[in-house]
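>>> here is a sequence with its predicted model. Questions after.
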2 protein chains.
Amino acid sequence: MPVLVVGSVGIDHIKTQTEDHPELLGGSASYAAIAASFYAPVRLVGVVGNDFPPRHRALYESKKIDLEGLEVADGATFRWTGQYEADMNVRNTLSLALNVFEHFSPKIPASYRDTDFVLLANIAPALQSKVLDQIAKPKFVVADTMDLWIEIARQDLLDLLKRVDMLVLNDGEAKALTGEGNVIKAGRKLLGLGPRYIVVKKGEHGSVLFSADAIHVLPAYPLEGVFDPTGAGDCFVGALVGYCASKGDASFATVREALIHATLVASFNVEAFSLRRLETLTSAEIAARAAEFKAIAGLA
Amino acid sequence: MPVLVVGSVGIDHIKTQTEDHPELLGGSASYAAIAASFYAPVRLVGVVGNDFPPRHRALYESKKIDLEGLEVADGATFRWTGQYEADMNVRNTLSLALNVFEHFSPKIPASYRDTDFVLLANIAPALQSKVLDQIAKPKFVVADTMDLWIEIARQDLLDLLKRVDMLVLNDGEAKALTGEGNVIKAGRKLLGLGPRYIVVKKGEHGSVLFSADAIHVLPAYPLEGVFDPTGAGDCFVGALVGYCASKGDASFATVREALIHATLVASFNVEAFSLRRLETLTSAEIAARAAEFKAIAGLA
């Protein structure tokens, strides 16, 4: 079944201690949509300016992503420049220009409105809610978020959470949103805010899935190095929803299996800059790493 | 098969933000021996003063631990007072008196010398080496260590590592010993120092097992709170070696299963002060949590 992905689309300039790459395809929707595309047909909703490079559009098209919902507005595309410190967990924003994204209001094409699997990638929670206003009766709605919205748009986020099936966030965000210092307590407490599933991401330490009556812990795929962590979280949630859509199901058992794919697609993504690894990634490579990961983690 | 455990035996005074408990049984050998006793007969080597309380000795005896190797020296037992901050990962030593432990030189009784499974719990690496000088031909030797020895006795530790089958240490120690910032790289590099297995403990984030041709990642048992983390690492390694001894085997598959038990006994231990939880813990409780943990982590 198809997945509807709504989020930001941008042009990134990424610097690490050893590398410097301008004019990269970026944005939460780009990473999430391309990650989901390995599993299911993707319908994209976002906005770009009329400067959006044809090669970025071609990358979406190579993944058979439906671009009817990709609005082209007069002006420049959203741009972000970020620099990673030697500790790749620390990232500084050097510049940010919202451009056409400043006045983005998601418009869901009529042909998208019956989509059952909906991924609200990381954008302002008020915009995420606007998407849900335009969808008929989705089967499974997943929201990603970030620390910024917890700080400046907490009420919007709380309103949104009453309408979604799953919230995905990292451990620091889970603690910030609940005031709990313990990740397990925080995850359980978040279930009380509305979603029937909570997924807490712990980066190199794996992830934890919570439902009212069960919990599942999963380690990360062991990596010896990370070249560019940008978009890892977006790929994680994109693959997660894509996998569920491919099964047409969001049972606990399916979500557990989806978490493995989320973990693996994110692990591939950080092996190269921007989306370059996912450009050439094949389903066979994912399957091979899935088998390897199940052996490494002793999974059933 | 029996396990020989050598390490420190002491009397602890532990303070947290809400609790204050003096006169507790402590020391790396106490935690490790009692954890191992759930799986195999234990032979203990350590030193106490003639002030060592009979009730602590009685606890060892209740676990059927062989105390022939527990030397009683003239003087006072090793004493340590520690305080945990609100973040239980931060611990300050308020006082420390080595007492009879200052001149401890492990003496292995003749009846212990043929022990196949040897756990060198956390003491100075030079003392750990002295133990090996007195053992006939052990089948599986495991060494625990700590940041202090990496700092002040690095060469002794490097000498020891050429003689042990497994080194167990935490992620910060693995990074300090290798100079590698990535845990996976650090673990692989440590294999080059001698041991055929490396186990890196990541606390609430689980553990990683390395051998020359395989790697195994395991999450931690999800706990909502920790009452006293003292001795968790000693319990981990005690249960690990005890489990292997119970199987008479140290293959990769057995060590993987042993890691689950290491994880679980440590998780029980942090649920109460000192060794109080392990005093009443039963094999049936461990088995029940093992089944629960395998379900939670999706293990085969």
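Perfect, thanks for sending it. Note that the coordinates shown come from a computational prediction; the quantities given were computed from them, not determined experimentally.
>>> every contact and neighbour count from this point should use C-alpha atoms.
Noted.
>>> out of everything not next to it in sequence, what's closest to the residue in the stretch 151-300 of chain A positioned nearest to chain B?
Closest residue of the stretch 151-300 of chain A to chain B, CA to the nearest CA: A:Ala300 (3.7 Å). Counting by CA to CA, 6 or more residues apart in numbering or on different chains, B:Ala300 is the residue found nearest to A:Ala300 once chain neighbours are left out, at 3.7 Å.
>>> the one you found: how many residues sit nearby?
By other CA atoms under 10 Å in any protein chain shown, 11 other residues sit near B:Ala300.
>>> that one: what's it in contact with?
A:298-300, B:294 (CA atoms under 8 Å, 6 or more residues apart in numbering or on different chains).
>>> got it, and A:Asp234?
By CA under 8 Å, 6+ apart, the residues touching A:Asp234 are A:28-29, A:31-32, A:121-122, A:144.
>>> got the residues of chain A near chain B?
A:182-185, A:205-206, A:214-219, A:222-225, A:295-300 (CA under 8 Å from any CA of the partner chain).
>>> tell me which of these fall in helices.
A:183-185, A:295-296 (DSSP state H).
>>> could you give me the PyMOL selection string for whichever of the residues you listed are buried?
Command for PyMOL that selects the buried part of these, burial taken from 16 or more other CA atoms under 10 Å in any protein chain shown:
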select buried, chain A and resi 183+184+185+295+296
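>>> ok, back up a step: quick one: which of the contacts of B:Ala300 is nearest to B:Asp133?
For the contacts of B:Ala300, the minimum distance to B:Asp133 (CA to CA) is 36.9 Å, reached by A:Gly298.
>>> can you list the contacts of A:Asp234 in CSV and add distance to B:Leu278, secondary structure and neighbour count?
Shown next, in CSV, are the contacts of A:Asp234 (distance: CA to CA, whole Å; DSSP: H, G, I helix; E, B strand; the rest coil; neighbours: other CA atoms under 10 Å in any protein chain shown):
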residue, distance to B:Leu278, secondary structure, neighbour count
A:Ser28, 48, helix, 27
A:Ala29, 50, helix, 27
A:Tyr31, 48, helix, 31
A:Ala32, 47, helix, 32
A:Ala121, 46, coil, 30
A:Asn122, 46, coil, 25
A:Asp144, 41, strand, 24
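>>> how about JSON lines for those residues, with pLDDT added?
Converted to JSON lines, the contacts of A:Asp234 look like this (pLDDT from 0 to 100):
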{"residue": "A:Ser28", "pLDDT": "98"}
{"residue": "A:Ala29", "pLDDT": "98"}
{"residue": "A:Tyr31", "pLDDT": "98"}
{"residue": "A:Ala32", "pLDDT": "98"}
{"residue": "A:Ala121", "pLDDT": "97"}
{"residue": "A:Asn122", "pLDDT": "96"}
{"residue": "A:Asp144", "pLDDT": "98"}
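>>> next one: A:Val131 from chain B, what distance?
Going from A:Val131 to chain B by CA to the nearest CA, to the nearest Å gives 34 Å.
>>> number of residues surrounding that residue?
So A:Val131, with other CA under 10 Å, has 20 neighbours.
>>> the helix or strand where it lies - what's its average pLDDT?
Assigned by DSSP states H and E, A:Val131 belongs to helix A:125-133. The average pLDDT within helix A:125-133 is 97.
>>> buried residues, it. List them.
A:125-129, A:131-132.
>>> now stretch A:185-192
Within stretch A:185-192, the residues scored as buried using 16+ other CA under 10 Å are A:185-191.
>>> same question for stretch A:52-68.
Buried residues in stretch A:52-68, counted by 16+ other CA under 10 Å: A:52, A:56, A:59-60, A:63-66.
>>> and if you look at stretch A:217-231?
In stretch A:217-231, counting by 16+ other CA under 10 Å, buried: A:217-222, A:228-231.
>>> those residues in strands, which ones?
Using DSSP state E, the subset of the buried residues of stretch A:217-231 located in strands is A:217-218.
>>> farthest-separated two in the buried residues of stretch A:217-231?
A:Val217 and A:Asp228 (25.1 Å).
>>> A:Ala97 and chain B, how far apart?
The separation that A:Ala97 has from chain B, given CA to the nearest CA, amounts to 34 Å.
>>> show me what contacts that residue?
Going by CA under 8 Å, 6+ apart, A:Ala97 touches A:78-80.
>>> residues in a beta bridge with it, which ones?
Beta bridges link A:Ala97 to A:Arg79, judged by DSSP bridges.
>>> quick check: chain neighbours aside, which residue is closest to the residue nearest the centre of chain A?
Closest residue to the average C-alpha location of chain A: A:Asp234 at 2.4 Å, with CA atoms, centre = their mean. Of all residues not flanking A:Asp234 in the chain, A:Ala32 sits nearest, at 4.8 Å (CA to CA, 6+ apart).
>>> A:Val131 too?
A:Pro106 (6.3 Å).
>>> show me where chain A has strands.
Under the criterion DSSP E, chain A contains strands at A:3-6, A:10-15, A:20-26, A:42-49, A:66-73, A:78-84, A:91-97, A:117-120, A:140-144, A:166-170, A:197-201, A:207-211, A:214-218.
>>> could you identify which of the ones you listed is most buried?
Of all those, strand A:3-6 has the most neighbours on average by mean count of other CA atoms under 10 Å in any protein chain shown, namely a mean of 29.
>>> please export the C-alpha coordinates of that strand as PDB.
This file holds the C-alpha atoms of strand A:3-6, laid out as PDB (Å, rounded to 0.1, in the frame of the first residue of the first chain):
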ATOM      1  CA  VAL A   3       2.700   5.900   2.000                       C
ATOM      2  CA  LEU A   4       2.000   9.600   2.200                       C
ATOM      3  CA  VAL A   5       5.100  11.500   3.400                       C
ATOM      4  CA  VAL A   6       4.800  15.200   4.400                       C
END
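>>> each with direction, which strands does it pair with?
Sheet pairing of strand A:3-6 (DSSP bridges) gives strand A:42-49 (parallel), strand A:117-120 (parallel).
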